[in-house]
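>>> have a look; sequence and predicted model below, questions after that.
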There are 2 protein chains.
Amino acid sequence: MTLAAKILQGDRMSLARVLTQIENETVLGLQALNELYTHTGKAHLIGVTGPPGTGKSSLVNQLARFYRGLGEDTPKRVGIVAVDPSSPFTGGAILGDRVRMRDLAGDKDVFIRSMASRGSLGGLAVATSGVVQAMDAAGYEVIFIETVGAGQAEVEIARLADTVLVVEAPGMGDDIQAIKAGILEIADVIVINKADRPGVETTTHALRSMLQLAHPNSHLFMDSGNSSYSHSNADFFAHHEAETDTSGFAENPKIWTPPLEQTVATEGIGIADLARTIQRHYEHLKESGELARRLRVRVETQLDVLLRERLIRHWQSQIAEEQYRETVDKLMRREISPWQAADNLIDR
Amino acid sequence: MTLAAKILQGDRMSLARVLTQIENETVLGLQALNELYTHTGKAHLIGVTGPPGTGKSSLVNQLARFYRGLGEDTPKRVGIVAVDPSSPFTGGAILGDRVRMRDLAGDKDVFIRSMASRGSLGGLAVATSGVVQAMDAAGYEVIFIETVGAGQAEVEIARLADTVLVVEAPGMGDDIQAIKAGILEIADVIVINKADRPGVETTTHALRSMLQLAHPNSHLFMDSGNSSYSHSNADFFAHHEAETDTSGFAENPKIWTPPLEQTVATEGIGIADLARTIQRHYEHLKESGELARRLRVRVETQLDVLLRERLIRHWQSQIAEEQYRETVDKLMRREISPWQAADNLIDR
């Protein structure tokens, strides 16, 4: 029996092994993914991003516990992928892992995986996609993609999800506030965690103002029919522009206004409400056709990264090391520019 | 006369125009860069990164003023490239620009350029390289490459420099401390700005401990002869491992221990000492051969990004839109995996 077949039968150990293979980009990992991919598409992918110190790990743990049966619904199987794109250096454990282990260890329907960056950001996104797809095929129904920070790398990882939570907390400095606007543009739900802290009204007010800045095209109806042939990052970044509105969700199911939810994750406060909002967003995605549109963007982005990787490998296998080295030497002596060097190498 | 020729004669307006062309990746911009590239290599490139709120802009302004003649040395011409990789959305102005303008406006030997992200991180790095190269050719002797945050994107941009300053400040939260270790690994000089604030001793002590974690291979001598044929990001990330040491700079010029410098940028305190340390690092780079090694890594990285870009464009021009669309549709229906899709498309 193949590893993939064992995973489809629910074997955790095989899943763990395949995830390692996927992270290391081995042939075995790719073969398993090819087999597993046709079984994906059932999980709800939830991205969680936001500045450090806002309690993202605790929030994910509480949500995971909720989905595991603390809520009114049927317990769901939960996957957690914790990604640290800012640590390309150590590959060490993710923040908050110990807390996580204490809360969720021993539950065989929870699967947790930490990933550190390796190489390029595009590579990390593809590896994360692979890990999420394997968990999806393995029958995990809710999969969290959690990042440690809120830079561009984290934002791109969080975008691999269907629903993006941006987590904030009262009392962050002014400078941190100033860089928030960009993050808010990708938020489907904004969570103000640590809402028992002083300053929560100020933070809520500030976030509301910023939301309006981040979504200037209010009262725009979402156009889900304009998914054109394009696999540029610009498109990837731009697709949120037209889909949100700062008012009127109730009137039209195609419009989604990112709601603000207050939580105190460490006490479990606000978790049930947040889970309901997440579910409402998932329904919205399906009803509006936005789910398929986001999937298409993701698929095209992943394909683009893979194509680039294969093209450069193919090209490298055909060019002599000496030619490359000579060109770099010329560059070092500033006889030609990098652009001329690239053209020369490609022309051969 | 070409734009490039005018720039070499010192025409600021032509430089401004070419920088816009470079940012927009126009043919005109590339032509100018090809012409300018042979005149580069004279400037000392100083990267400035660190968490938001540490006063990076003020620090760069003060250093710029110092180089402009407040110090004991001959005034130097100063370029500043302020990059915001975390704002792919708005393309708006960089934090602290107003302060900057007030301090440095009207000095014709200071040239300031703000850049927001456009598209991919690799693209931003190449565009930033281009802007820096044009300034270098135009005769700016010290060029700062300043980023707003300290995520992976910022780190990669800061690495475009010869000397990397990592700016910290007392009183940052514990969570922010926890993600610092990765940033410290790329530091040539650590600046504790706002050193008049309470907690400066704690921060200094914490940074010293982290430095030892970040540079575990202490007492390793730098090996500058192992620049192999490789243009992977892994190599780009790994090259700091063997070059630093947490002790003994004085005994061997090939070893550089990242020193900690305290400043209060808003008051101009510590700026002269910091400038001297930066100069000492520059001498070290030249004497140890590390300057050439870093240049080689940069050149190879830039070439790699350009090669990938050209290869994908070439490939796109050869494949029919319909083939691509069919493949994406199959992917959406989960009939094939992204890896199979990439292989299929490349095989044609």
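Sure, I can see it. Residues are numbered from 1 along each chain as shown, chains lettered A, B, ... in the order given.
>>> is the helix or strand hosting A:Gln340 anywhere near chain B?
Using DSSP states H and E, A:Gln340 sits in helix A:338-347. Yes: Helix A:338-347 lies within reach of chain B by CB under 8 Å from any CB of the partner chain, at A:338-343, A:345-346. Every C-beta, even on glycine, is put in place using the N, C-alpha and C of the backbone.
>>> if you count contacts, what does the helix ranked longest in chain A end up packed against?
Looking across chain A with DSSP state H, the single longest helix is helix A:290-318. Contacts defined by 3 or more CB pairs under 8 Å, 6 or more residues apart in numbering or on different chains; DSSP states H and E place helix A:290-318 against helix A:121-137, helix A:233-238, helix A:271-288, helix B:290-318, helix B:321-332, helix B:338-347.
>>> Serialize these to TSV and add fields for distance to B:Arg77 and mean neighbour count.
As requested, those are exported to TSV (distance: least, CB to CB, whole Å; neighbours: other CB atoms under 10 Å in any protein chain shown):
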stretch	distance to B:Arg77	mean neighbour count
helix A:121-137	34	24
helix A:233-238	35	17
helix A:271-288	53	17
helix B:290-318	20	18
helix B:321-332	48	15
helix B:338-347	48	18
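>>> among those helices, which gets the worst mean confidence?
Among those, helix A:233-238 carries the lowest mean pLDDT, a mean of 34.
>>> right, and the helix or strand after that one?
Sequence order places strand A:260-262 as the next helix or strand after helix A:233-238, per DSSP H and E.
>>> okay, and the helix or strand of chain A with the least pLDDT?
The helix or strand with the lowest mean pLDDT-type score in chain A, counting by mean pLDDT, DSSP states H and E, is helix A:233-238 (a mean of 34).
>>> helices or strands up against the helix or strand hosting A:Val166?
Per DSSP H and E, A:Val166 falls inside strand A:163-168. Contacts defined by 3+ CB pairs under 8 Å, 6+ apart place strand A:163-168 against strand A:44-49, helix A:56-65, helix A:180-184, strand A:189-192, helix A:271-288.
>>> out of the ones you listed, which comes closest to chain B?
Smallest distance to chain B across the helices and strands packed on strand A:163-168 (CB to the nearest CB): 4.8 Å, for helix A:180-184.
>>> quick one: distance of the strand holding A:Val166 to the chain centre.
With CA atoms, centre = their mean, to the nearest Å as the basis, strand A:163-168 stands 10 Å off its chain's centre.
>>> okay, now the sheet partners of that strand, with direction.
Applying DSSP bridges, strand A:163-168 is found paired with strand A:44-49 (parallel), strand A:189-192 (parallel).
>>> which residues sit against the last one?
What that stands for is strand A:189-192. A:50, A:59, A:163-170, A:184, A:200, A:203-204, A:207, A:211, A:258-263, A:274, A:277-278, A:281 (CB atoms under 8 Å, 6 or more residues apart in numbering or on different chains).
>>> please spell out the ChimeraX selection for the buried subset of those residues.
In ChimeraX syntax, the buried subset of these is picked out as below (16 or more other CB atoms under 10 Å in any protein chain shown):
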select /A:50,59,163,164,165,166,167,168,169,170,184,200,203,204,207,211,258,259,260,261,262,263,274,277,278,281
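>>> so who does A:Asn342 touch?
Slight slip there: residue A:342 is Ala, not Asn. With CB under 8 Å, 6+ apart, A:Ala342 has these contacts: B:303, B:306-307, B:309-310.
>>> equivalent analysis for A:Pro75, please.
Neighbouring residues of A:Pro75 by CB under 8 Å, 6+ apart: A:67-69, A:109.
>>> per-residue confidence at it?
Value for A:Pro75, per-residue pLDDT: 89.
>>> now it: how far from B:Lys42?
According to CB to CB, to the nearest Å, A:Pro75 stands 66 Å off from B:Lys42.
>>> for the residue sitting nearest the centre point of chain A, what are its contacts?
Among the residues of chain A, the one closest to the centroid is A:Ala158, at 2.4 Å (CA atoms, centre = their mean). Shown in contact with A:Ala158 (CB under 8 Å, 6+ apart): A:47-49, A:145, A:147, A:164, A:186.
>>> now with 6 Å?
A:47, A:49, A:147, A:164 (CB atoms under 6 Å, 6 or more residues apart in numbering or on different chains).
>>> can you name the two of the residues you listed that are farthest apart?
Largest separation among those by CB to CB: A:Thr147 and A:Val164, giving 10.6 Å.
>>> what about the stretch 101-250 of chain A, any weak spots by pLDDT?
Scanning the stretch 101-250 of chain A with the threshold set as pLDDT under 70 gives A:101-103, A:117-122, A:150-152, A:172-182, A:213-250.
>>> so A:Val166 bridges to which residues?
A:Thr49, A:Ile190.
>>> I figured it was touching A:Ala187, is that so?
Yes: A:Val166 is within contact range of A:Ala187, at 3.9 Å (criterion: CB atoms under 6 Å).
>>> contact partners of stretch A:199-206?
Contacts of stretch A:199-206 (CB under 6 Å, 6+ apart): A:170-171, A:192.
>>> now, which of the residues you listed sits nearest A:Leu19?
A:Ile192 (32.8 Å).
>>> burial count for that closest one?
A:Ile192 has 22 neighbours, counted by other CB atoms under 10 Å in any protein chain shown.
>>> now swap in the one 3 residues further on and tell me
By other CB under 10 Å, 20 other residues sit near A:Ala195.
>>> quick check, it in contact with A:Gln262.
Yes: the pair A:Ala195 / A:Gln262 is scored as a contact, 3.8 Å apart, by CB under 6 Å.
>>> one step back: closest to chain B out of the residues of helix A:338-347 next to chain B?
A:Ala342 (3.8 Å).
>>> where's the closest one relative to B:Leu306, distance?
Taken as CB to CB, the span from A:Ala342 to B:Leu306 is 4 Å.
>>> same question, A:Ile346
9 Å.
>>> check A:Ala134 too.
Distance from A:Ala134 to B:Leu306, by CB to CB: 34 Å.
>>> same question for A:Glu322.
20 Å.
>>> how about A:Val60?
39 Å.
>>> also A:Ala187?
Distance of A:Ala187 to B:Leu306, given as CB to CB: 34 Å.
>>> if I look at A:Ala105, how far off is B:Ser288?
Separation of A:Ala105 from B:Ser288 (CB to CB): 49 Å.
>>> typed the wrong thing, it's A:Ala5
55 Å.
>>> picking up where we left off before, quick check: which of the helices and strands packed on strand A:163-168 is nearest to B:Arg294?
Comparing those under CB to CB, the one sitting nearest is helix A:180-184, at 30.3 Å.
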